[in-house]
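J.: Give me a 3D structure for the following:
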Amino acid sequence: VKIVSGGITSDNVQSLTEEGSTKKIFINQLEIFIRRLSADWQSDRAIQPGDTENAKYIIQQASNDLINFISRIPQEFSEDLGKSLTVFVSRMKDLRQHKFYLDGGASYREFWRKGDEILESLEKFILSLEIE
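T.: So this is what the prediction gives:
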């Protein structure tokens with residue numbers, strides 16, 4: 001049984017609702033991912049301040065997860081979302097290649113600063129996404 005009201009069937013309403021909810025679900029999943037990533041990054045920084053191997057692993061996993069998100073972007077989003085997320089993946093891969101030198105800790109601090117910047121930028125970007 002289809003309910004018709006003003007030329008809109010219940011099936012049409014459901015598909016519009018599903019489209020909006022698909023975008024909302026995707027953004028919610030992305031937000032949860034970012035919060036977990038941020039918590040993991042910050043806890044690793046606090047627990048193992050002298051070791052960056054685990055932090056590099058966190059970044060590697062995060063870039064892989066972002067690639068997974070890019071592959072699942074709902075069609076309702078513009079192509080710009082995938083391009084923007086790809087930039088974050090590139091920045092993460094660059095951070096994984098960060099070199100450390102005997103420079104009084106400057107390169108070490110630079111590693112953590114770059115990681116913090118990536119996460120802060122990613123959080124701001126996700127918050128800027130709008131669900132129409």
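J.: measure the closest residue to Ile118 other than its chain neighbours to Asn28 for me?
T.: Among residues not flanking Ile118 along the chain, Arg91 sits closest, at 5.1 Å (CB to CB, 6 or more residues apart in numbering). Bear in mind the C-beta positions are built from the backbone N, C-alpha and C, glycine included. Shown here: Arg91 relative to Asn28, a distance of 23 Å by CB to CB, to the nearest Å.
J.: Tell me which of those two has more neighbours.
T.: More crowded of Arg91 and Asn28, by other CB atoms under 10 Å: Arg91, with 17 against 12.
J.: Leu119 is in contact with the more buried one, correct?
T.: No: counting by CB atoms under 8 Å, Arg91 stays clear of Leu119, with 10.2 Å between them.
J.: which residue ranges form the helices in this protein?
T.: Residue ranges of the helices in the chain, as given by DSSP state H, are 10-47, 53-71, 79-96, 106-128.
J.: and the longest one, which residues are buried?
T.: Spelled out, that is helix 10-47. Lys23, Phe26, Ile27, Leu30, Phe33, Ile34, Leu37, Ser38, Asp40, Trp41, Asp44, Arg45 (16 or more other CB atoms under 10 Å).
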